[in-house]
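**Student:** Got a predicted model here, sequence first, then my questions.
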Amino acid sequence: MGQLHVMDHPLIQHKLSVIRDKNTSVKEFREIISEIASLMCYEATRNLPVEDVEIETPVATAKVKRLAGKKLAIVPILRAGLGMVDGIVQLIPSVKVGHIGLYRDPDTLKPVEYYCKLPKDIEERDVFVLDPMLATGGSAEAAISFIKQRGCRTIRLMNIIAAPEGVKKIQEVHPDVDIYTAALDERLNDHGYIVPGLGDAGDRIFGTK
C-alpha cells in the first residue's frame, strides 16, 4: 500500500497558513506555492540513491556523495500544477518536465485527457505528479493512470492540501503510489472544495478570479 506522508515541518506549515488566508495577494500566493513545493521536494527526495565519488578539493582528495544517476521527472496537472514546477526545478535543475491536461466529460463525468507531453524515456524515470489540491482525487487518479499506460511504474503524487476523500481514492485505485502533502484537511463540501482548504488554487495562482 502506498504511504501517506503529511509534512509538518514548521516552515511548510507557516507558509501554508499564509496561502490559506483569503487576503493573500496573487503575487505572494504564487511565490509561496513555489516555495512550499521546493520544501516538500527536499523531503520527498530524501531516499534518492547516492554513490561515492572521489574529487579534488583545493586542499586534498575527498570521497563525497552524489546522486546515483537516478532519472527523475515531474508532471504537473494543468493548470494549477504549473505553480509547483519552478520550486522543484530550482532544487533539481536536470529534472525533466512533462505536462498533462484533463477535463471532465459533462455526460460521463469521467476525466478525459486533452493534452499529454511526457519525456520520451518516461518509463525509465521516477515521476512526481504535481497538483496543489487533492480533492475528489478524480484528476490525480486519471493522470496517474495515463502515465502508467505509457510505461511508467514508479510514481509519487505531491499535493499541498489533500482531502480524506481524495487520499482514499488514490489508495484504492493506485495502491502503489505514495502521496506527499503539506496538510490533510477535514473534508469536501457540497461543491467539491476542500474544507478549510484555500479555495481554487488555479484561480489564486493565475489571478483569474
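**Tutor:** That came through, no problem.

**Student:** Show residues contacting stretch 53-72.
**Tutor:** Contacting residues not belonging to stretch 53-72 are listed as 45, 48-52, 92, 94-96, 121, 124-128 [CB atoms under 8 Å, 6 or more residues apart in numbering]. (C-beta placed from N, C-alpha, C; glycine too.)

**Student:** ok, longest helix in the chain?
**Tutor:** Determined from DSSP state H, the single longest helix within the chain is helix 26-44.

**Student:** Would you mark the buried spots in that one?
**Tutor:** 29-42, 44 (16 or more other CB atoms under 10 Å).

**Student:** Give me the next element, helix or strand, following that helix.
**Tutor:** Using DSSP states H and E, the helix or strand that directly follows helix 26-44 along the chain is strand 50-56.

**Student:** Adjacent strands (with direction) for the longest strand along the chain?
**Tutor:** In the chain, taking DSSP state E as the definition, the longest strand is strand 154-162. The strands beside strand 154-162 in its sheet (DSSP bridges) come out as strand 126-130 (parallel), strand 133-134 (parallel), strand 178-184 (parallel).

**Student:** tell me the angle of that strand relative to helix 26-44?
**Tutor:** Counting by axes from the mean of the first three to the mean of the last three CA atoms, to 10 degrees, strand 154-162 lies at 140 degrees to helix 26-44.

**Student:** ok, then the element right after strand 154-162?
**Tutor:** Next helix or strand after strand 154-162 toward the C-terminus (DSSP H and E): helix 164-173.

**Student:** Quick check: buried residues in that following helix?
**Tutor:** Neighbour counts using 16+ other CB under 10 Å place Pro164, Glu165, Gly166, Val167, Lys169, Ile170, Gln171 of helix 164-173 among the buried residues.

**Student:** List phi and psi for the closest residue to Ala163 other than its chain neighbours.
**Tutor:** Of all residues beyond its chain neighbours, the one nearest Ala163 is Ile194 (4.7 Å), with distances taken as CB to CB, 6 or more residues apart in numbering. When read as degrees, to the nearest 10, the backbone of Ile194 gives phi -70, psi 140.

**Student:** just for the protein, where's the confidence low?
**Tutor:** The chain contains residues with pLDDT under 70 at 109.

**Student:** which one of the contacts of stretch 53-72 is nearest Leu16?
**Tutor:** Phe128 (18.9 Å; CB to CB).

**Student:** before we move on, back to that, using a markdown table, please lay out the buried residues of helix 164-173 together with distance to Tyr115.
**Tutor:** Below are those laid out as a markdown table (distance: CB to CB, whole Å):
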| residue | distance to Tyr115 |
| --- | --- |
| Pro164 | 29 |
| Glu165 | 26 |
| Gly166 | 22 |
| Val167 | 26 |
| Lys169 | 23 |
| Ile170 | 22 |
| Gln171 | 27 |
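
**Student:** of these, closest to Asp107?
**Tutor:** Nearest to Asp107 among those, with distances taken as CB to CB, is Lys169, at 21.0 Å.

**Student:** so what's the closest residue in space to that closest one that isn't next to it in sequence up against?
**Tutor:** Leaving aside its sequence neighbours, Lys169 sits nearest to Gly137 (CB to CB, 6+ apart; 3.3 Å). Gly137 is in contact with Glu165, Gly166, Val167, Lys168, Lys169, Ile170, Val173, counting by CB under 8 Å, 6+ apart.
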